[in-house]
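Asks: okay, predicted coordinates and the sequence, questions at the end:
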Amino acid sequence: MPPVHMFGRQWRISSDDFVCPALTELVVRLGWIVAVIFVIVFHLLEAANLECLGAEYHLTTYYLAILLGLLVIACCNSGLLARHSAKGKIFEPASVSPHPRKWVETLLYINILLTFAEFIWTAIGTYFTINDFIKCIDQVHERTVIIAVLAVIGLSYVLLFIKLLIVAFSFRPYAKVLPEEEVELLGGEGRHKVTRQETELNYRGLRCMAPCTNDEGSIQAFRDIASLLSKIFVDRDLVPSDILAGLVLLNHKHMRDKERVRVRQGGEVKGVVGTSVWDKMGVEVTKVVDTADVSLKVVPESSRIQLDWEEIKHFYQFASAAYGYWWYVIQSPVGHCCSMGSYLNCCPTLCCFRQKPELLVEGDGIFHPNLAAIRAMLGVTEEDIIMFDNRNKIEEVPFFLVADRSTKSLVISIRGTLSLHDMLTDLRGEPGRMADETVSGVEVDWHGHQGMVNAARYVYKRLHGIETGREGKREGREARENMLGLTLARPEFTGFNIIVTGHSLGAGTAAILAFLLRAKYTETRVTCYAYSPPGGLLSREAAVESEKFTVSVVVGDDVIPRTSLANIATLSRDVKHVTSECKLAKFKILGYGCMACCCQTSNTPITGELNRLFPDSAASTPHHSSSDGSRSDLLQEEGSNSLPPIPAALSSIPSMYLPGRILHVEDTDSSNNFIVSEVRRTAFSEILVSPRMLSDHLPNHLDIVFHSSPDIQHILPVSV
């Protein structure tokens, strides 16, 4: 940081990113020098035996000699490049004189010239050597040295290809460096033009990922995602390695602070550190933007959903079953394949083996493997599965409707992210209004994650036989029948409640679908159990309302419930702050970070640098989160006034929150022992950089947590 300026443009690489690549190239080329010297010696020794070549054999000798000279020069260049790239700290302003890495760009230009020369000479050597090989095709023993020369040429091409890949990944479109006078003249218009160009480039890239998707809704989703990506990646001062170094520093800070909290609380993390006495009273404090925007939201305890751990644990198996046979088979390939066998639709042409016609199954192939996995996991009969739609497109998620007679519930389980289409649905993260013509009774002020709002509408329409507008020729019979309404009207399901559940994307979709179902079925109890839902899901008003019927479960350091546009903006700011203030070189941060990860050690120079950046007083101060998702410290950290601003494009987007009452599950030092505590949604207003931030989100990890916990689990209240 800042990016390298070469050939009149910015690149996605900084001047301190060449330490490891240059050292790697140096080591490889030194090995090649030794190999080429041996090849030259053997080549000269075989010259008398290869009578098929005569005087032309010296052309290959010239190639090897000049190649040896290029290798020596390239080694010198790589050594100097590594030495100069290692100087200074991460952020060295261009105004610093003399700049510690001022020779890096010059050495890069020399490296590029050497690379072109090496490519040309390798092409010429290829011609010489192949010509020698053809002429000596009959002399099997004597032409061994020619094969060795061909091997050296092949390795040269490999190195050149790797360099080409690095250049391709480092290229940044629309990053032409303009003179200062032109920048001042264009002003904001120039920046908007670049943003539009990057948005269009993102859109074309997304279309390439799903080229066969041409309906109007999907195309609009592509454009919204492209616009959002251009807002997220608006900072041109950071390169990927800067972000990685910043994440390493923030990870060490998180682990250090977590350990200090554990020590202060006697070895266990109980509740959430830093919640205020307002939380104890059920009062939510909103950050004051101006004097007219002060609000204290009191949530009556009697109207909130009751926390029943046995039910939470029970309905997770339905959320997990929505993933179908892939996750089920991965857990136990042999045993689970055998358990699925009896449920497969093995002979669909024979009447005795065919599924019953009233069972609606769409998009699950001929043998219905996902349906078989659902039945094997839940242990339900064929009559209890009312509907299963496994079709998947952008903002169209698989789901199933099943009767759970043990709890007298109709369970709607929605699958989480498992495909490219699901990931594109996740990315459409700007707020969208939940109220539309689909169902009346939803407040117009309630907003949700746009992609999941559309996915919830899709599931709602499928359940009630409403045309989704995207079917085309694949209209199914369930689009003509109100399956949920007809099922509730059946005498055998009298008094049944509606449970909506899911994991990840499915959890977010389920939480929004619960709003629609509550508005439709006012006389039926609708409850939602959301497991690891995304953080930027509901507007503040909708999140407060969802406490009446939704329970969210978050495990450990799971990154998805902490991921919202506001938190991404805060993380971007924190990464830029720590990398700007850190005095360690980038290669040391990444090296010590790898050493700490592999060797499980925390006593590294990074620890001392963190103590300088974040003194003990700051680490021991509780962090209070305002309701807009940002973090404000009661006692400001040292240097907090110099924090870089959050990009305006992201700060203008309204803050979004987790749904319902939130349970946070944390493990203790003892094996298979977990602490469950209720927390406020503001506890997830910061993305924690941790080695477990992804693994804690996986459904198989949640499965381990629920199987390890007892049916009756003590839930700690919100701590003071």
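Replies: Nice, thanks for sending it over. Numbers count the residues shown, from 1 in each chain.
Asks: would you mind pulling the contact partners of the helix or strand harbouring A403?
Replies: If you go by DSSP states H and E, A403 is part of strand 399-404. Under the contact criterion Cβ atoms under 8 Å, 6 or more residues apart in numbering, strand 399-404 has outside partners 318, 321-322, 371, 374, 378, 380, 384-389, 409-415, 459, 462-463, 483-484, 487, 493, 496, 499, 506. Heads up, the C-betas are built off the backbone N, CA and C, glycines and all.
Asks: how far is the longest helix along the chain from where the chain is centred?
Replies: The single longest helix within the chain, with elements called by DSSP state H, is helix 104-135. Distance, stretch centre to chain centre, for helix 104-135: 40 Å (Cα atoms, centre = their mean, to the nearest Å).
Asks: if we can go back for a sec, which of the contacts of strand 399-404 fall within helices?
Replies: Counting by DSSP H, the part of these found in helices is 318, 321, 371, 374, 378, 459, 462-463, 483-484, 487, 506.
Asks: now these: which count as buried?
Replies: Listed as buried from the ones in helices among the contacts of strand 399-404 are 318, 321, 371, 374, 378, 459, 462-463, 483-484, 487, 506; burial here means 16 or more other Cβ atoms under 10 Å.
Asks: quick one, strands of the stretch 501-650 of the chain?
Replies: Assigned by DSSP state E, counting those that start in this stretch, the strands in the stretch 501-650 of the chain fall at 526-531, 550-555, 623-625, 631-633.
Asks: tilt between the first one and strand 550-555?
Replies: I take that to be strand 526-531. For strand 526-531 against strand 550-555, the angle by axes from the mean of the first three to the mean of the last three Cα atoms, to 10 degrees is 10 degrees.
Asks: so what does strand 526-531 touch, helix or strand wise?
Replies: Using 3 or more Cβ pairs under 8 Å, 6 or more residues apart in numbering; DSSP states H and E, the elements in contact with strand 526-531 are helix 309-321, strand 497-503, helix 505-520, strand 550-555.
Asks: run through who's touching the first one.
Replies: Applying Cβ under 8 Å, 6+ apart, the set of residues contacting helix 309-321 from outside is 327-328, 373-374, 377-378, 400, 402, 404, 407, 411, 413, 416, 499, 501-503, 506-507, 529, 531, 551, 553, 663, 676, 699, 702-703, 706, 709, 711-713, 715.
Asks: can I get whichever strand or helix holds L206 in PDB? Just the C-alpha atoms.
Replies: If you go by DSSP H and E, L206 is part of helix 188-209. What follows is helix 188-209 as a C-alpha-only set of coordinates in PDB (Å, rounded to 0.1, in the frame of the first residue of the first chain):
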ATOM      1  CA  GLY A 188     -16.500  13.500  -8.900                       C
ATOM      2  CA  GLU A 189     -17.600  13.000 -12.500                       C
ATOM      3  CA  GLY A 190     -14.400  11.000 -13.200                       C
ATOM      4  CA  ARG A 191     -15.000   8.800 -10.100                       C
ATOM      5  CA  HIS A 192     -18.600   8.100 -11.100                       C
ATOM      6  CA  LYS A 193     -17.500   7.200 -14.600                       C
ATOM      7  CA  VAL A 194     -15.000   4.600 -13.200                       C
ATOM      8  CA  THR A 195     -17.700   3.300 -10.800                       C
ATOM      9  CA  ARG A 196     -20.100   2.800 -13.700                       C
ATOM     10  CA  GLN A 197     -17.400   1.000 -15.800                       C
ATOM     11  CA  GLU A 198     -16.600  -1.300 -12.900                       C
ATOM     12  CA  THR A 199     -20.300  -2.000 -12.300                       C
ATOM     13  CA  GLU A 200     -20.700  -2.900 -15.900                       C
ATOM     14  CA  LEU A 201     -17.600  -5.200 -15.700                       C
ATOM     15  CA  ASN A 202     -19.000  -6.900 -12.600                       C
ATOM     16  CA  TYR A 203     -22.300  -7.400 -14.400                       C
ATOM     17  CA  ARG A 204     -20.700  -9.000 -17.400                       C
ATOM     18  CA  GLY A 205     -18.700 -11.300 -15.100                       C
ATOM     19  CA  LEU A 206     -21.800 -12.400 -13.200                       C
ATOM     20  CA  ARG A 207     -23.600 -13.100 -16.500                       C
ATOM     21  CA  CYS A 208     -20.700 -15.300 -17.600                       C
ATOM     22  CA  MET A 209     -21.200 -17.300 -14.400                       C
END
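Asks: and that helix, what's buried?
Replies: Buried residues in helix 188-209, defined by neighbour count with 16+ other Cβ under 10 Å: 194-195, 198-199, 202-203, 206-207.
Asks: point out where the stretch 51-200 of the chain drops to low pLDDT.
Replies: Scanning the stretch 51-200 of the chain for pLDDT under 70 picks out the ranges 51-58, 138-143, 178-192.
Asks: ok, L165 to M6 distance?
Replies: Look at L165 and M6: by Cβ to Cβ, to the nearest Å, they are 17 Å apart.
Asks: the two: which has the busier surroundings?
Replies: For L165 versus M6, neighbours defined as other Cβ atoms under 10 Å are more numerous around M6 (15 against 9).
Asks: name the residues linked to the more buried one by a beta bridge.
Replies: R9 (DSSP bridges).
Asks: what residues are up against it?
Replies: Taking Cβ under 8 Å, 6+ apart, we find M6 in contact with 105, 108-109.
Asks: tell me which of those residues is nearest to R612?
Replies: E105 (30.5 Å; Cβ to Cβ).
Asks: was I right about A373 contacting I330?
Replies: No - applying Cβ atoms under 8 Å, one finds A373 not in contact with I330, separated by 11.0 Å.
Asks: more neighbours: those two, which one.
Replies: Shown here are A373 and I330; by other Cβ under 10 Å, A373 has more neighbours (25 against 11).
Asks: identify the residue spatially nearest to that one, adjacent ones excluded.
Replies: Spatial nearest neighbour of A373, excluding adjacent residues (Cβ to Cβ, 6 or more residues apart in numbering): Y325 at 3.9 Å.
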